[in-house]
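Participant: when you get a sec, could you give me coordinates for this:
(3 chains)
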Amino acid sequence: MPEGHSVHRIARQFRQNFVGHRVAVSSPQGRFAEGASVLDGRTVTDAKAVGKQMFLEFDDGLWLRVHLGLYGAWDFAGDIHSDPTIAASNGRMGQTNQRGTVVDGDDEADPILDLDGENSLHSIGAPRRARVRMSEQSSPLAELDERFPPEPVGQVRVRLLTDTTVADLRGPTACEVIDSAGVQAVIDRLGPDPLLDPSAEAGERFVSRAHRKGSPIGLLLMDQQIVSGIGNVYRAELLFRARLDPHRTGKTVPEETLRELWADWTRLLAIGVETGQMMTMDDLSPADYRLAMANRADRHWVYKREGLPCRVCGTNILLEEMGARKLYWCPNCQR
DNA sequence: CATCGATGTTGAG
DNA sequence: TCAACCTCGATGG
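Facilitator: Residues are numbered from 1 along each chain as shown, chains lettered A, B, ... in the order given. You can find the predicted model right below:
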């Protein structure tokens, strides 16, 4: 699945294109027919992300909870707003290439794009005719000449349709209608999300929860009850950046180190939301930055680099299973 | 064209 | 502990 940064971006896309709009809700695939009929014709009133969970609020306090799981995705099509804060935040980020298609990447397509030549001169922030997949995978972007709304392609669990924009959900792990108490119950089970709550108190909640545990920090970072939004990529990269042995138990990691982990997750999450890419290496030269944007292999310190020399010390990066997931780490740097 | 594996979680055993 | 979920790009023949 998308790690936390993608879900925040998706929630933002919903705020920009759906909040305040009445929607037709359907389940082309049929597996959400009942929920769709409950939501159909209502107005979307809020969208928020907590860790990897997304919540869409509709009239009368009804919420749609969506978790994308391993391979879920939202496809947006129609008039899609770009986000000026992204384009303005960093000249290197959120760019499109010469043909106006999405910058290639292993992460989700960036909604800051210009697929439509005739709109290419519109100001930043204006809605643009586009088709965008938001998940961890990039994907082909369909031809734009088709009528709106486009026919659902494949297994679309939920379709949300306004006058001008459509969002199709496919492959989610969770998709259900709940009330606000249900939303709160889910959130209560989650560890803090630094984008939702950047307070020092939230950080201390992570520190105290993690410091209490006898399980490895490599598991704790992935535990959504300890801290939310971190997945397998950010786990490996955060541990490397902290030069921390993944096997050290929560108890034995100094509180100050846990605080630094929280601060670093806060930083990486913000960068991820800003760029739409899991950039985990700092201070790259322009040449290295281009390399990193082009190839995910050049984007990380350790993730998917088993058998390759550590970028810092040259020791071979190791691969092992932890928490039924692949863990990449440098046995020399992380001690 | 068939098979594999993935940035995740749940629930059965 | 592991299969299921049931998508789809990458990989290999």
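Participant: nearest the middle, which residue of chain A would you pick?
Facilitator: Central residue check for chain A by C-alpha atoms, centre = their mean: the C-alpha nearest the mean position is that of A:Ser6, 1.5 Å away.
Participant: let's verify it: helix, strand, or coil?
Facilitator: With DSSP: H, G, I helix; E, B strand; the rest coil as the basis, A:Ser6 sits in helix.
Participant: gap between the two ends of stretch A:189-204?
Facilitator: Using C-alpha to C-alpha, to the nearest Å, the end-to-end distance of stretch A:189-204 comes to 17 Å.
Participant: what comes up buried for it?
Facilitator: For stretch A:189-204, the buried set under the neighbour-count rule, 16 or more other C-beta atoms under 10 Å, comprises A:Leu190, A:Gly191, A:Pro192, A:Asp193, A:Pro194, A:Leu195, A:Leu196, A:Ala202, A:Gly203. Every C-beta, even on glycine, is put in place using the N, C-alpha and C of the backbone.
Participant: repeat that for stretch A:308-317.
Facilitator: By neighbour count, with 16+ other C-beta under 10 Å as the criterion, the buried positions of stretch A:308-317 are A:Cys310, A:Arg311, A:Ile317.
Participant: okay, domains of chain A per the record?
Facilitator: In the domain annotation for chain A, the residue ranges read A:4-185, A:192-329 (automatic domain parsing).
Participant: between those domains, which gets the lowest average pLDDT?
Facilitator: Least confident of these, judged by mean pLDDT, is domain A:4-185 with a mean of 76.
Participant: what is the neighbour count of A:Ala324?
Facilitator: As a burial measure, the neighbour count of A:Ala324 was computed by other C-beta atoms under 10 Å and equals 6.
Participant: now A:Arg325. Nearest residue, chain neighbours left out?
Facilitator: Using C-beta to C-beta, 6 or more residues apart in numbering and skipping the chain neighbours, the partner closest in space to A:Arg325 is A:Asn232 (4.9 Å).
Participant: now A:Ala24. Nearest residue, chain neighbours left out?
Facilitator: Spatially, and ignoring its direct neighbours in sequence, A:Ala24 is nearest to A:Leu161 (4.4 Å; C-beta to C-beta, 6+ apart).
Participant: show me what that neighbour bridges to in the sheet.
Facilitator: Assessed by DSSP bridges, A:Leu161 has beta-bridge partners A:Ala24, A:Val166.
Participant: and A:Glu204, helix, strand or coil?
Facilitator: The three-state assignment at A:Glu204 reads helix, by three-state DSSP.
Participant: against DNA strand B, how distant is it?
Facilitator: As judged by C-beta to the nearest atom of the strand, to the nearest Å, A:Glu204 and DNA strand B stand 22 Å apart.
Participant: how about A:Pro152?
Facilitator: Here the criterion is C-beta to the nearest atom of the strand. By it, A:Pro152 lies 21 Å from DNA strand B.
Participant: pretty sure that residue sits against A:Ser27.
Facilitator: No. With contact defined as C-beta atoms under 8 Å, A:Pro152 and A:Ser27 do not form a contacting pair (9.7 Å).
Participant: show me which residues of the stretch 151-300 of chain A sit near DNA strand B.
Facilitator: Residues of the stretch 151-300 of chain A lying close to DNA strand B (C-beta under 7 Å from any atom of the strand) are A:Thr173, A:Ala174, A:Met222, A:Gln224, A:Ile230, A:Gly231, A:Asn232, A:Val233, A:Met278, A:Arg296.
Participant: OK, contacts around the first one?
Facilitator: This means A:Thr173. If a contact means C-beta atoms under 8 Å, 6 or more residues apart in numbering, then A:Thr173 has A:Met1, A:His67, A:Leu68, A:Gly69, A:Leu70, A:Gly72 as its contacts.
Participant: pull the number of nearby residues for the third one.
Facilitator: If I follow you right, that is A:Leu68. There are 26 residues near A:Leu68, going by other C-beta under 10 Å.
Participant: can you give me the strands for the stretch 101-250 of chain A?
Facilitator: Shown for the stretch 101-250 of chain A, the strands assigned by DSSP state E, counting those that start in this stretch span residues A:127-134, A:158-161, A:165-170, A:174-179.
Participant: dump those strands into a markdown table; add mean neighbour count as well.
Facilitator: Putting those into a markdown table (neighbours: other C-beta atoms under 10 Å) gives the following:
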| stretch | mean neighbour count |
| --- | --- |
| strand A:127-134 | 22 |
| strand A:158-161 | 23 |
| strand A:165-170 | 24 |
| strand A:174-179 | 16 |
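Participant: with distance to DNA strand C added, can I get those in TSV?
Facilitator: Putting these into TSV (distance: least, C-beta to the nearest atom of the strand, whole Å) gives the following:
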stretch	distance to DNA strand C
strand A:127-134	7
strand A:158-161	12
strand A:165-170	5
strand A:174-179	9
